[in-house]
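Novice: Give me coordinates for this.
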Amino acid sequence: MRIKLLLAGLLTGIVFTAAGCGQAEEPAGPDLTLALRSGTYAEVIKSCLPAFEEEHKVTVEVLEFTEEDLRRNLMADASNPDGEGKYDLCMVDGSWMADFVEGDVLTSLTGLGYSLDSDIIPATTAICYRDGETYVAPYYGNVTVLLFNRSFLAEAGYTADRLQSMEDLKVICDCAKEKGQDGFLYRGDTENNLVVDFLPFLLAYGGWVVDGYNHPTIDTPEFHDAFSFYMELIGTGEAMEKDALVQAIDGGSAAAGIGWPGWYTPTGDSNADYCAIPGKASADSPSYNTNVYGIWTIGIPQSSGKKELACKLLSHLMDPQVQKSTVELGGVPCRYSCLQDPLLLSRYPHYAAICDALENGTYRPIMTDWITFYTILGEQLQRILDGEVTLEEGLYSAQLRLNVL
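Specialist: Numbering: from 1, shown residues only. This next block holds a predicted model:
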């Protein structure tokens, strides 16, 4: 009996041991989770992660979102208690900063020991601060540029460096129209696109959509003159969505349009190219900053429980040499050392135009109601274009509706 009990005990131990060995261990979660804008913006960041993971012996998970979903998810995550958030580093569009400041979405980078350096183009840092502390760093230099067909410029007697005013642009587009092709193309598929494509022209005429207190400034002489000119300019072409617009200009069926660096990569023998948007309405007009920023910044959510490690990653991503390595993948650093590097410019000469545009750029208004603002404005501008109301009536109506926001 004693021998049987001993054998039974041994067998039981073997069974439990085997069962224990057969259980798979729960895989460890990532050390950091990133919430990024999908597309090229996320791809360039992902290319920089392996070196960081190897150096710090960590794993980094990347979650990619559309612009709308990214904003909504980050705002929702801010409601989680400090240290219990889903994300540890995120991309932030400059136009969200008012909502993110009011919602306490981001943590102070200054408090984590990070500061912006002098190599970063100064104008791109305008939305990075709050009460003297840094909250985001400008990462991807998205900025409006003038996309044009080289042949149409030459036929009108222009080169990119001679295109100095909006009137010059009109001459080029009129020339294309006279030859039976489209002149200026614009995006009219959404209120946001309609407004953003028009903003450089409003700036060139010395106007803006709000004053220093974010009060709307729509029914003004500057706005009236700018949109009156804009209607004449777009009369030389038509409305198109992004891909069709780029294809038309590159294919030689249109002269020009407002574009973004991520849309098109010109080469030495490509049909199309781009330059900074002219800062003047006419040759004898004052010059203004007319390139509109769509810069993607990076920051650290207030709800992250791994802020110190996330700040090390942010510093890594903002390193000049690391950023320079992203250019081959379509990265657009906001750094002089990258955009003015002779070797990079020999391979990517269009980065000189991007640097010029970033130096002379303007952020869209930093306001919590910006989405509602541009929707109302875009609706009224479209009504003007459709002939439902006159220019005066449309601007007056937009001003009245925006006054009550």
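
Novice: how close does the residue lying closest to His56 once chain neighbours are set aside sit to Leu344?
Specialist: Spatial nearest neighbour of His56, chain neighbours left out: Lys312 (6.9 Å); criterion: C-beta to C-beta, 6 or more residues apart in numbering. Heads up, the C-betas are built off the backbone N, CA and C, glycines and all. Applying C-beta to C-beta, to the nearest Å, the value for Lys312 to Leu344 is 26 Å.

Novice: re the thing from before, right, and the residue nearest to His56 touches Glu55 too?
Specialist: No - judged on C-beta atoms under 8 Å, Lys312 makes no contact with Glu55 at a distance of 9.2 Å.

Novice: More neighbours: those two, which one.
Specialist: Taking other C-beta atoms under 10 Å, Lys312 and Glu55 do not tie; Lys312 has more neighbours (19 against 10).

Novice: what ranges do the strands span in the stretch 151-300 of the chain?
Specialist: Per DSSP state E, counting those that start in this stretch, the stretch 151-300 of the chain carries strands over the ranges 182-185, 254-259, 272-275, 291-292, 296-299.

Novice: Now those strands in a markdown table, please, with extra columns for mean pLDDT.
Specialist: Below are the strands of the stretch 151-300 of the chain laid out as a markdown table (pLDDT from 0 to 100):
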| stretch | mean pLDDT |
| --- | --- |
| strand 182-185 | 98 |
| strand 254-259 | 98 |
| strand 272-275 | 96 |
| strand 291-292 | 96 |
| strand 296-299 | 98 |
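
Novice: that older thread, now name the helix or strand holding the residue nearest to His56.
Specialist: Lys312 is part of helix 307-318, with elements assigned from DSSP states H and E.

Novice: quick one: Ala226 and Pro200 touch, right?
Specialist: No - with contact defined as C-beta under 8 Å, Ala226 does not count as touching Pro200 (9.5 Å).

Novice: State the distance from the residue lying closest to Val210 once chain neighbours are set aside to Asp211.
Specialist: The spatially closest residue to Val210, leaving aside those adjacent along the chain, is Pro365, at 5.0 Å (C-beta to C-beta, 6+ apart). When distance is defined by C-beta to C-beta, Pro365 is 10 Å away from Asp211.

Novice: For these two, indicate the residue with more neighbours.
Specialist: Set side by side, Pro365 and Asp211 show more neighbours around Pro365, with 16 against 10, by other C-beta under 10 Å.

Novice: So the more buried one is in contact with Val209, correct?
Specialist: Yes - between Pro365 and Val209 there is a contact at 6.3 Å, judged by C-beta under 8 Å.

Novice: care to break this protein down by domain?
Specialist: By the record's domain assignment, the chain is partitioned as 32-142+294-352, 145-292+369-403 (automatic domain parsing).

Novice: Distance from the last one to the middle of the chain?
Specialist: Computed by C-alpha atoms, centre = their mean, to the nearest Å, the chain-centroid distance of domain 145-292+369-403 equals 18 Å.

Novice: End to end on it, go ahead and measure it.
Specialist: In terms of C-alpha to C-alpha, to the nearest Å, the two terminal residues of domain 145-292+369-403 are separated by 31 Å.
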